[in-house]
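>>> Here's my sequence, what's the structure:
(one chain, ligands or ions: 2)
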Amino acid sequence: MEKIPKNHPRYTSLMTREKISQAMKNGIVHETGLIAHGRGEAFDYLLGEKTIPQADMAEEVAAAALLCAKNPVISVNGNVVSLVAEDCISLTESISAKLEVNLFHRTKKRIEKILKELSNYGAKNVYGQKADAKIPGLEHDRALCDMEGIFSADVVLVPLEDGDRCQALRNMGKTVVAIDLNPLSRTARTASITIVDNVTRAISNIERWVNELKNTDKNELKNLVEKWDNERNLSEMISFISKRLNSLFR
Ligand code: ATP
Ligand code: MG
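Ligands and ions are numbered 1, 2, ... in the order given. Below you'll find the model as predicted:
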């Protein structure tokens, strides 16, 4: 890895770029994953590269939804594994969720590399290789999933999702929790709970909320989820960004 001085003002962002570029060279991230990351970075810049209160609220409600789920699944792709494999594994352990690999650019080789990477980080039973089921209404390979995993899940956490699959999962009646830095994306607008935050901060923050809420009465948690107004939260996000931009040049 290239040496980046620790006191560089953009150290975290540069280290994240290094990680993702290395993962592309290793065949874990598809080259278009770098472009998706760039779009994410641009929105993170607008947010001030921190978890804003509206995102923290969404992370709390996401934790509540995961704690109430019967069969929660965390869906991961190359970008997610390259940036936050350990956080994802730790979250699956704290809520007894399953982990499933789902790729837009699916090849046997990439699936195997990602499974190996996850197992190096300690993941035990990762779904996604069997691909014995299909999400209805999707043409591309992202439709492929495991019957015991995403197909039968009631709550799916999708960090970095494509709008089509998010909609198709909603059409199956699932609760979809999306992590997407772009509050305007189709994913952000079709998910049940949208977390506008960087995966590098969001997954560990959901786990923090899981620990905080795990002894709370289930009815209270269900109530939190039912009361959630995703559209309102997204519009607050957009208004946060516009106010921040206006204030920077006053
Ligand atoms: P959609 O398919 O929902 O309309 P899109 O086609 O614009 O969105 P995709 O390439 O499908 O975008 O997915 C990438 C999304 O992931 C982008 O919206 C981007 O903002 C977001 N993203 C990229 N990196 C991160 C990250 N580290 N954390 C959170 N979100 C990210
Ligand atoms: Mg897309």
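>>> Can you report how many residues neighbour the residue lying closest to Leu67 once chain neighbours are set aside?
Leaving aside its chain neighbours, Leu67 sits nearest to Leu221 (5.6 Å; criterion: CB to CB, 6 or more residues apart in numbering). Placement of C-beta: from N, CA and C, glycine included. Using other CB atoms under 10 Å, Leu221 has 20 neighbouring residues.
>>> What strand or helix carries Leu221?
Leu221 is part of helix 218-227, with elements assigned from DSSP states H and E.
>>> chain center to the helix or strand hosting Arg232: distance?
If you go by DSSP H and E, Arg232 is part of helix 230-248. In terms of CA atoms, centre = their mean, to the nearest Å, the centre of helix 230-248 is found 21 Å from the chain centre.
>>> Pull out the C-alpha coordinates of that helix and format them as PDB.
Written as PDB, here are the backbone C-alpha positions of helix 230-248 (Å, rounded to 0.1, in the frame of the first residue of the first chain):
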ATOM      1  CA  ASN A 230     -38.400   7.500   5.300                       C
ATOM      2  CA  GLU A 231     -39.500  10.300   2.900                       C
ATOM      3  CA  ARG A 232     -39.400  12.900   5.700                       C
ATOM      4  CA  ASN A 233     -35.900  11.800   6.800                       C
ATOM      5  CA  LEU A 234     -34.600  12.000   3.200                       C
ATOM      6  CA  SER A 235     -36.000  15.500   2.700                       C
ATOM      7  CA  GLU A 236     -34.300  16.500   6.000                       C
ATOM      8  CA  MET A 237     -31.100  15.100   4.700                       C
ATOM      9  CA  ILE A 238     -31.400  17.200   1.500                       C
ATOM     10  CA  SER A 239     -32.300  20.300   3.500                       C
ATOM     11  CA  PHE A 240     -29.200  19.600   5.700                       C
ATOM     12  CA  ILE A 241     -27.000  19.500   2.700                       C
ATOM     13  CA  SER A 242     -28.400  22.700   1.200                       C
ATOM     14  CA  LYS A 243     -28.200  24.600   4.400                       C
ATOM     15  CA  ARG A 244     -24.600  23.500   4.900                       C
ATOM     16  CA  LEU A 245     -23.600  24.500   1.400                       C
ATOM     17  CA  ASN A 246     -25.300  27.900   1.800                       C
ATOM     18  CA  SER A 247     -23.600  28.500   5.100                       C
ATOM     19  CA  LEU A 248     -20.100  27.700   3.700                       C
END
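>>> In that helix, which of the residues would be classed as buried?
Across helix 230-248, burial judged by 16 or more other CB atoms under 10 Å covers Asn230, Asn233, Leu234, Glu236, Met237, Phe240, Ile241.
>>> Which pLDDT value belongs to Cys1?
Just to correct that, residue 1 is Met rather than Cys. We have a pLDDT of 59 for Met1.
>>> Could I get the CA-only coordinates of the strand or helix carrying Ser204 as CSV?
Assigned by DSSP H and E, Ser204 belongs to helix 199-213. Coordinates of each C-alpha in helix 199-213 appear next as CSV, following Å, rounded to 0.1, in the frame of the first residue of the first chain:
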residue,chain,number,x,y,z
VAL,A,199,-20.6,2.4,5.2
THR,A,200,-17.3,3.0,6.9
ARG,A,201,-19.3,4.7,9.7
ALA,A,202,-22.8,3.2,9.4
ILE,A,203,-22.3,-0.5,10.1
SER,A,204,-20.4,0.0,13.3
ASN,A,205,-23.0,2.6,14.4
ILE,A,206,-25.9,0.3,13.7
GLU,A,207,-24.1,-2.2,16.0
ARG,A,208,-23.7,0.4,18.7
TRP,A,209,-27.5,0.9,18.5
VAL,A,210,-28.1,-2.9,18.6
ASN,A,211,-26.2,-3.0,21.8
GLU,A,212,-28.1,-0.1,23.2
LEU,A,213,-31.5,-1.5,22.3
